[in-house]
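Chemist: sequence first, then the predicted structure, then my questions.
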Amino acid sequence: MSGSGGGFRSRRLFDLVAMLVIGLVVVGAALIPAITANVGGTDTVRGDVTASGGPVAFIPVGFWSPQGGVLFHATTDSNGRFTLDIPANVDGYAYAGTPPDSFVSITEVDGRQLVRGVIGSKPSGTLSSPLYQSSATATSKTLAGGADLHFRLEEPGRVIGASPLHGSAIKVAQLRRLDGSVVQTLHLDSSGRFASEPVVPGSYAVAVIAKSTYLPEAVQAAVRPGSTTSVALPQPQRGGTIRGVLIANGRPVTTGVPVILDQSGRQIATTTSGSTGVYTFDALPTGTYQVTFGRYPDSAETRSVTAQPIPVPGRTTSPTPSPSPDTVPSPTTTVAGGGTVALQPVERTSDSYLPTTSQAYVPDTLGTVEVDAALQPAGRITGVAGGAAAGVPVQVVAEDMGTRQILRSSAADPGSGHYSLGGLTPGTEYRVYAISRPPNPADATFAEGRGVATQAGTEVPLVVDAPALTLTGRITGSRGGSVTVGDSVALVRTATADSTGGFTVGGLVPGAYPVTVSTTGRLTSAPVALDITSSANQDLDPGPKPATYRGWFISAGAGIPRVIGAASTSDASVMTIEPPGRSGHVTVAGLRPGAYTYTAESFLGLAPSSDGPWWFAPPSGSFTLRDGATTDVGPVVLHLKTK
């Protein structure tokens, strides 16, 4: 949407960029017929542009093809009339104002703002609806059913109003479509009053998210052409609260413990208990929640508050997106004693207490729900790791006796050599290793011990004097690259391969490790598991050649200028769809081959223009990317409802 003056345009650009990462918009995959090649010359199409019963002079008009963009453009004369020379056999739309794939949908002509009009195969009615997506493309002879083109343009409207909350009590105020996607960020003055920029006529919602304990509020706003709609937000309702006290050994926990709040498998808030063991989550709507104590949150799960769903009175809620695929444990290995195990991802948990999860239900009354938790102190193994050369760092790790996977890691004190491994299960025996980390990994030494973890701490002394293990081998068919052994949360070592692909990874202790390979021109390989009991030689395969995704996000023929979203595979490989270009055409390179499914909840701010209050259906569709190949998935259609 464009406005009057550079200040307006810069504010709208800011709002449009912000909108790209907020609001839920979902898609479905489908095919539409491709356009016919231009083999028949051009046709001349005539028409006029009017608004409020009078001609609109000197406004841009043109013909736009979903695949070719703007193929011909002109301006109306002083009487609002125009002629267009359109390629005869190309499907597309005629437009007045901005092209169909433009970010902006309002054009300023001689100081007057008008909403663009788009005409496809159907004759125009009383006005040229900005919801052009519901009209099919057409050739020059079948535009408007073969009749002259008569654009009837509307003026935009505005929304004004006031919020009982304002100033420092507000996180954000937004003008949203009824599906929850954001059109504009509203700026409240010191009294809570706001006024939107011009918007396309239609039904919207004004949403306010508070910083305090209040629940988000939203009211509908019906915007009419050339009019200002006034709305008043009600006094917000205070949300529910989940709070509790963490206790261990009959006393409040005085050290900070991470706490995660989940709902329906999605992390929605995190906190840390205070010095008296108290934690609090407030501003919660009614519902069932899961509270996890002692496990650190995954930073990748954080979500912008501006994407928060807000119920709109009088509307049904948006469809519930399907959950993302669960992470598949990887990789597997045969361990000593027989059998195959999966190397689970190593989670970061509290050193002092074992993780536990409780359920909580916030009722309709939205009061305070007390969820106290009795935490079990974690087991610990301590001791002194001696024998390393002066000044050489020593790392101490705890390994599961069954899977041989390293679970915990700690650094020994540089001066005394004392170490402490916490977060272990009391009564469980672990294998403990100390490994030196000299500048040259080939000089590394290690020591091995065993101990049963106890809450008081079991002493396991270690003398670091045995040569560390090495993994050698060759990267198949490669003239360089690198090999990484281990997990960065526990123990990890990386070495560079030589010009023949040969590598030596030093500084290892016995254990089962995930191993990956990186080489030029290929993706990092999927982890393979190696159970290293002594220095060994193992050749490794490089990763796959990167695949390329090519698609075209459209809405019944009209390109969408920009898309942000994702698709994922069953083994949790995720591709991000975020093209730098325009017109809905998307090319994403450097992807891992595999079968992908569109991840509905990831498509935030999918259609960043102000072409009306869209309401979207759930997504569907999948595609397969192949090693080193480009896969053209064709058009991915936004299924549109204009209710």
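Modeler: Great, that's in hand.
Chemist: and Gly417, what does it touch?
Modeler: Counting by Cβ atoms under 8 Å, 6 or more residues apart in numbering, Gly417 touches 384-386, 388, 394. Bear in mind the C-beta positions are built from the backbone N, C-alpha and C, glycine included.
Chemist: gap between the nearest residue to Gln538 once chain neighbours are set aside and Pro542?
Modeler: Once flanking residues are discounted, Gln538 sits nearest to Gly473: 4.6 Å by Cβ to Cβ, 6 or more residues apart in numbering. In this view, Gly473 and Pro542 are 12 Å apart by Cβ to Cβ, to the nearest Å.
Chemist: tell me where the stretch 1-150 of the chain has strands.
Modeler: 42-51, 54-55, 60-65, 69-75, 81-87, 93-96, 106-109, 112-115, 117-119, 149-153 (DSSP state E, counting those that start in this stretch).
Chemist: as a quick check, tell me the outermost residue of this structure.
Modeler: Going by Cα atoms, centre = their mean, the residue of the chain most distant from its centre is Asn79, 49.4 Å out.
Chemist: hmm, that one is touching Ala57, no?
Modeler: Yes - in this structure, Asn79 is within contact of Ala57 by Cβ atoms under 8 Å, at 7.2 Å.
Chemist: what lines up beside the helix or strand hosting Ala434 in the sheet?
Modeler: Assessed by DSSP states H and E, Ala434 sits inside strand 429-436. Note on strand 429-436: by DSSP bridges, its sheet partners are strand 394-400 (antiparallel), strand 445-452 (antiparallel).
Chemist: I'd like the next helix or strand past the shortest one.
Modeler: Beyond strand 394-400 in the direction of the C-terminus, DSSP H and E gives the next helix or strand as strand 406-411.
Chemist: and the gap between the residue farthest from the centre of the chain and Gln359?
Modeler: 71 Å.
Chemist: about what we covered before: how about the strands paired with strand 429-436 in JSON lines, adding mean neighbour count, mean pLDDT and distance to Pro198?
Modeler: Listed next are the strands paired with strand 429-436 as JSON lines, based on neighbours: other Cβ atoms under 10 Å; pLDDT from 0 to 100; distance: least, Cβ to Cβ, whole Å:
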{"stretch": "strand 394-400", "mean neighbour count": "24", "mean pLDDT": "97", "distance to Pro198": "62"}
{"stretch": "strand 445-452", "mean neighbour count": "19", "mean pLDDT": "97", "distance to Pro198": "70"}
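Chemist: enumerate the positions of the particular helix or strand that has Val245 in it that are buried.
Modeler: Take DSSP H and E as the rule and Val245 turns out to sit in strand 240-248. In terms of neighbour count (16 or more other Cβ atoms under 10 Å), strand 240-248 has its buried residues at 240-242, 244-246, 248.
Chemist: coming back round to it: can I get the strands paired with strand 429-436 in JSON lines with distance to Thr42?
Modeler: Output for those, formatted as JSON lines (distance: least, Cβ to Cβ, whole Å):
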{"stretch": "strand 394-400", "distance to Thr42": "74"}
{"stretch": "strand 445-452", "distance to Thr42": "79"}
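Chemist: ok, which of these comes nearest Thr107?
Modeler: Thr107 lies closest to strand 394-400 among the strands paired with strand 429-436, at 64.4 Å (Cβ to Cβ).
Chemist: quick one, the strand holding Ala434 and strand 406-411 angle?
Modeler: If you take axes from the mean of the first three to the mean of the last three Cα atoms, to 10 degrees, strand 429-436 sits at 40 degrees to strand 406-411.
Chemist: tell me the mean pLDDT over strand 429-436?
Modeler: Here strand 429-436 scores 98 as its mean pLDDT.
Chemist: now swap in stretch 374-392 and tell me
Modeler: Here the average pLDDT along stretch 374-392 is 95.
Chemist: which residues in the stretch 301-450 of the chain form helices?
Modeler: Counting by DSSP state H, counting those that start in this stretch, one finds no helices in the stretch 301-450 of the chain.
Chemist: just the strands in it please.
Modeler: 332-334, 340-342, 356-362, 368-370, 373-374, 379-386, 394-400, 406-411, 418-424, 429-436, 445-452.
Chemist: nearest to Thr280, out of those strands?
Modeler: Of all the strands of the stretch 301-450 of the chain, strand 368-370 sits nearest to Thr280, with 9.1 Å by Cβ to Cβ.
Chemist: what comes up buried for the closest one?
Modeler: For strand 368-370, by 16+ other Cβ under 10 Å, it's Val369.
Chemist: OK, contacts around Leu284?
Modeler: Each residue near Leu284 by Cβ under 8 Å, 6+ apart is listed here: 239-242, 362, 366.
Chemist: how near is the closest residue to it other than its chain neighbours to Asp262?
Modeler: Nearest non-adjacent residue to Leu284, counting by Cβ to Cβ, 6+ apart: Gly240, 4.5 Å away. Relative to Asp262, Gly240 is positioned 16 Å away (Cβ to Cβ).
Chemist: how is this protein partitioned into domains?
Modeler: Listed by automatic domain parsing, the domain ranges of the chain are 240-313+322-374, 378-525, 547-641.
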